[in-house]
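>>> Just need the structure, nothing else, for what follows:
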Amino acid sequence: MRTLGQFVAVLRKDLTIEFRSRDILYPMALFSFLLVVVFSFAFLSDPAKARDYGPGIVWVTVLFSSTVGLNRLFDRERENGCLWALLLGPVPAGAVFAAKVVGHLLFTGLMEALTLPLVLLFFDLPVVDVPAFLAAVALGTVGVSLVGTLFSAMLMNARMKEVLLPLVTYPVLVPVVIAGVKVTALAVGAPLAEEPGPWLRFLAGFDMVFGVVTLLLFERMVRT
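Numbers count the residues shown, from 1 in each chain. Just a heads-up that it's a prediction; the model follows:
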């Protein structure tokens with residue numbers, strides 16, 4: 001219960017600061033909206049191709065926009081060694097990591113709630129399997145947040161962090177994107193001889209494995 005209270009305190013602190021400053025939400029929302037507009041004009045001349053590329057564009061939007069938020073996730077802790085000051089207190093590193101992951105999930109979820117309906121509208125994608133679509137987006141976003149939060153912390157003090165973060169994060173997230181695109185394509189009625197179940201189980205397994213791995217690596221990284 002004490003660790004849960006510390007997790008809630010760190011998360012509440014981050015959310016309070018963010019909803020006052022909006023340093024993460026506004027860039028994520030603006031960038032994702034621009035992506036949707038650019039892609040919609042790019043494929044406007046061929047609606048058939050737009051429907052074929054729609055599932056991939058959904059995940060490109062999620063991945064790129066979430067990276068914008070990851071770049072700013074530890075900015076406040078970097079200033080004046082605030083992360084070390086936080087960990088000098090009786091706060092487990094796991095509680096800090098979990099709070100950062102959940103915070104990024106909430107920010108990304110808000111972005112997705114605003115922009116994904118626009119993607120479906122602009123590209124005329126009828127969602128015939130809503131539970132599979134929502135499950136793919138949710139599980140994929142969890143995987144992106146887990147891996148991205150770890151690498152964001154690792155590169156917190158690195159030069160050119162904005163360039164390095166995508167370079168080290170995207171290769172690890174390739175399986176998530178592939179599985180997410182497959183499920184999304186099936187959810188919008190693509191004629192594929194597959195079922196979404198195996199891909200969703202893969203995403204769930206990815207989240208469970210990397211949930212443990214990232215938590216252990218984060219604690220080792222900040223305590224050494």
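
>>> how about low-confidence regions in this protein?
The chain contains residues with pLDDT under 70 at 1, 44-51, 79-81, 87, 89, 223-224.

>>> following the helix ranked longest in it, which helix or strand comes up?
In the chain, assigned by DSSP state H, the helix with the most residues is helix 93-122. Sequence-wise, the next helix or strand downstream of helix 93-122 (DSSP states H and E) is helix 130-154.

>>> For stretch 128-136, buried residues please.
129, 132, 133, 135, 136 (16 or more other Cβ atoms under 10 Å). Heads up, the C-betas are built off the backbone N, CA and C, glycines and all.

>>> and of the residues you listed, the nearest to residue 7?
Nearest to residue 7 among the buried residues of stretch 128-136: residue 135, at 25.0 Å, using Cβ to Cβ.

>>> What sits closest to that closest one if chain neighbours are left out?
Spatial nearest neighbour of residue 135, chain neighbours left out: residue 200 (5.5 Å); criterion: Cβ to Cβ, 6 or more residues apart in numbering.

>>> Please, where are all the helices along the protein?
Assigned by DSSP H, the helices in the chain fall at 2-21, 25-42, 47-71, 75-78, 82-88, 93-122, 130-154, 161-187, 196-223.

>>> just the ones you listed: most buried one?
helix 130-154 (a mean of 22; mean count of other Cβ atoms under 10 Å).

>>> so what does it touch, helix or strand wise?
Here helix 130-154 touches helix 47-71, helix 93-122, helix 161-187, helix 196-223, going by 3 or more Cβ pairs under 8 Å, 6 or more residues apart in numbering; DSSP states H and E.

>>> Save those as JSON lines, and put in distance to residue 31 too.
JSON lines is the format used below for the helices and strands packed on helix 130-154 (distance: least, Cβ to Cβ, whole Å):
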{"stretch": "helix 47-71", "distance to residue 31": "5"}
{"stretch": "helix 93-122", "distance to residue 31": "9"}
{"stretch": "helix 161-187", "distance to residue 31": "12"}
{"stretch": "helix 196-223", "distance to residue 31": "24"}
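
>>> gap between the closest residue to residue 221 other than its chain neighbours and residue 73?
Spatial nearest neighbour of residue 221, excluding adjacent residues (Cβ to Cβ, 6+ apart): residue 154 at 6.3 Å. Distance, residue 154 to residue 73, by Cβ to Cβ, to the nearest Å: 12 Å.
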